[in-house]
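Undergrad: the following comprises the amino acid sequence and a computationally predicted model.
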Amino acid sequence: MMTSFSPQAVSHPGLPPRHFLDIADIEAGALRRMVNLAALYRTGNAPEALRRPLAGKTLAMIFEKPSTRTRVSFQVGMQQLGGDVVVLSHQDTQLGRGETIPDASRVLSRFVDILMIRTFAPETLHELADYASVPVINGLTDETHPCQVMADIATFEQHRGEIEGKVIGWTGDGNNVAQSWIEAAPKFGFEIRLACPEGLEPNAGIVAAARKAGASVIIGRDARELLDGVDCVITDTWLSMHDTDTDRSNMLLPYQVNADLMGYAKPNALFMHCLPAHRNEEVTDEVMDGPQSVVWDEAENRLHAQKAIMVWCMGKIS
């Protein structure tokens, strides 16, 4: 069911900025409104007042990690919303030469209207937000990747309707994307099952918090058992951009998404991968290019979901 959107701003001067740091921190109704708005952006049916609501505003993007999808989707998204973009790599700024995060945050807040950072340590993200007087968006940390999961949920609902009551299966490393999926489970009302090798399980604190919030989070070793009857199968690369442990391949080989493993999911189960993929490692070509794969829609929905996130951060929807 789509939500109607009020065209007037809901933020008020003097209130703290509305950050988008982790899914666990945001009220479920607001997350739902963002996903619904993302769908309206995808179909071209957003209300007139929300088509270019950020005219005259500027987004600064800070990259400590390389990026393709995050950079392009945020830049194009902000431009489509009517705003401007400044792109900063770690090497381009004084952050790479010893300036503190609090100092940089205070200064950038005087120049721009919204900040996005793609970084390693979650502490960097949270310190930036603590000292910013403008909204800060988590473009990825080693711990979570909430923008990706908002796009993934929008993709699931594009193909299968509301995700509430569905069963999501994850296979492989319990990484930052997996952990944002776990945080999303109690907010959107789905069950999540994760098949991970020993030593690569998701953060126990994140799992415990989701379970305390009412989510069904099941973690085990046997991918075939855990993916039995799921509505969606998700995986990610075995080696992230900062990983050098090549022994992971042997650990993760039983978790490869191939035709056999997909056969344990529902016949109409979707396959998702946040990309970039290492083909024929974590996923075979047969699955990646097969009829159950929605990876290209998933990539496109980064654009639509992040537009909705920025609109929410800037107080244009409640």
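TA: Received the coordinates, thanks. Note that this is a predicted model, so its numbers are computed, not measured.
Undergrad: quick check: which ranges of the stretch 151-300 of the chain have low pLDDT?
TA: 240-246 (pLDDT under 70).
Undergrad: any chance you could map the strands in it?
TA: Per DSSP state E, counting those that start in this stretch, the stretch 151-300 of the chain carries strands over the ranges 167-171, 191-195, 217-220, 232-235, 270-273.
Undergrad: got TSV for the ones you listed, with mean neighbour count too?
TA: To be clear about C-beta, it is placed using only N, CA and C from the backbone, and glycine gets the same treatment. Converted to TSV, those look like this (neighbours: other CB atoms under 10 Å):
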stretch	mean neighbour count
strand 167-171	26
strand 191-195	23
strand 217-220	16
strand 232-235	26
strand 270-273	24
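Undergrad: would you turn those into a markdown table with distance to Gly29?
TA: Formatted as a markdown table, those follow (distance: least, CB to CB, whole Å):
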| stretch | distance to Gly29 |
| --- | --- |
| strand 167-171 | 21 |
| strand 191-195 | 21 |
| strand 217-220 | 22 |
| strand 232-235 | 23 |
| strand 270-273 | 25 |
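Undergrad: and for Pro102, the neighbour number?
TA: 13 (other CB atoms under 10 Å).
Undergrad: same thing with Asp92?
TA: Other residues within reach of Asp92 by the criterion other CB under 10 Å amount to 12.
Undergrad: distance of it relative to Glu64?
TA: For Asp92, the distance to Glu64 under the criterion CB to CB, to the nearest Å works out to 11 Å.
Undergrad: same deal with Ile309?
TA: Counting by CB to CB, the gap from Ile309 to Glu64 is 20 Å.
Undergrad: now Glu127
TA: The value you get for Glu127 to Glu64, if CB to CB is used, is 13 Å.
Undergrad: who has more neighbours, the two?
TA: Applying other CB under 10 Å to Glu127 and Glu64 shows that Glu64 carries more neighbours, namely 21 against 17.
Undergrad: pretty sure that one sits against Met116.
TA: No. Contact between Glu64 and Met116 fails when scored by CB atoms under 8 Å: they sit 11.9 Å apart.
Undergrad: which residues touch stretch 287-294?
TA: Outside stretch 287-294, the residues within contact range by CB atoms under 8 Å, 6 or more residues apart in numbering are 155, 158-159, 257-259, 262, 268-273, 277, 279, 295.
Undergrad: sorry, that was for stretch 100-117
TA: Contacts of stretch 100-117 with the rest of the structure, by CB under 8 Å, 6+ apart, involve 54, 57-64, 70, 74, 83, 86, 93-95, 124-125, 127-139, 310, 313-314.
Undergrad: which SSE is Leu59 in?
TA: Using DSSP states H and E, Leu59 sits within strand 58-63.
Undergrad: now that strand, how far from the centre of its chain.
TA: Centroid separation between strand 58-63 and its chain, computed with CA atoms, centre = their mean, to the nearest Å, is 17 Å.
Undergrad: extract the C-alpha set from stretch 121-131 and format it as CSV.
TA: Taking Å, rounded to 0.1, in the frame of the first residue of the first chain, the C-alpha atoms of stretch 121-131 are listed here in CSV:
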residue,chain,number,x,y,z
ALA,A,121,35.4,2.4,10.6
PRO,A,122,31.8,3.0,11.8
GLU,A,123,33.3,5.3,14.4
THR,A,124,34.3,7.7,11.7
LEU,A,125,30.7,7.9,10.4
HIS,A,126,29.3,8.5,13.9
GLU,A,127,31.9,11.1,14.8
LEU,A,128,31.1,13.0,11.6
ALA,A,129,27.4,12.9,12.5
ASP,A,130,28.1,13.9,16.1
TYR,A,131,29.6,17.2,15.0
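Undergrad: any buried residues in that stretch, and which?
TA: With burial defined by 16 or more other CB atoms under 10 Å, the residues of stretch 121-131 counted as buried are 122, 124-129, 131.
Undergrad: farthest pair within those?
TA: The widest separation within the buried residues of stretch 121-131, taken as CB to CB, falls between Pro122 and Tyr131 and amounts to 15.4 Å.
Undergrad: buried ones among the contacts of stretch 287-294?
TA: Going by neighbour count (16+ other CB under 10 Å), the contacts of stretch 287-294 have 155, 158, 257, 262, 269-273, 277, 295 buried.
Undergrad: using JSON lines, lay out those together with distance to Thr144.
TA: Supplementary listing: the buried ones among the contacts of stretch 287-294 in JSON lines, determined by distance: CB to CB, whole Å:
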{"residue": "Thr155", "distance to Thr144": "18"}
{"residue": "Gln158", "distance to Thr144": "23"}
{"residue": "Val257", "distance to Thr144": "22"}
{"residue": "Met262", "distance to Thr144": "27"}
{"residue": "Ala269", "distance to Thr144": "25"}
{"residue": "Leu270", "distance to Thr144": "22"}
{"residue": "Phe271", "distance to Thr144": "22"}
{"residue": "Met272", "distance to Thr144": "17"}
{"residue": "His273", "distance to Thr144": "18"}
{"residue": "Ala277", "distance to Thr144": "20"}
{"residue": "Val295", "distance to Thr144": "21"}
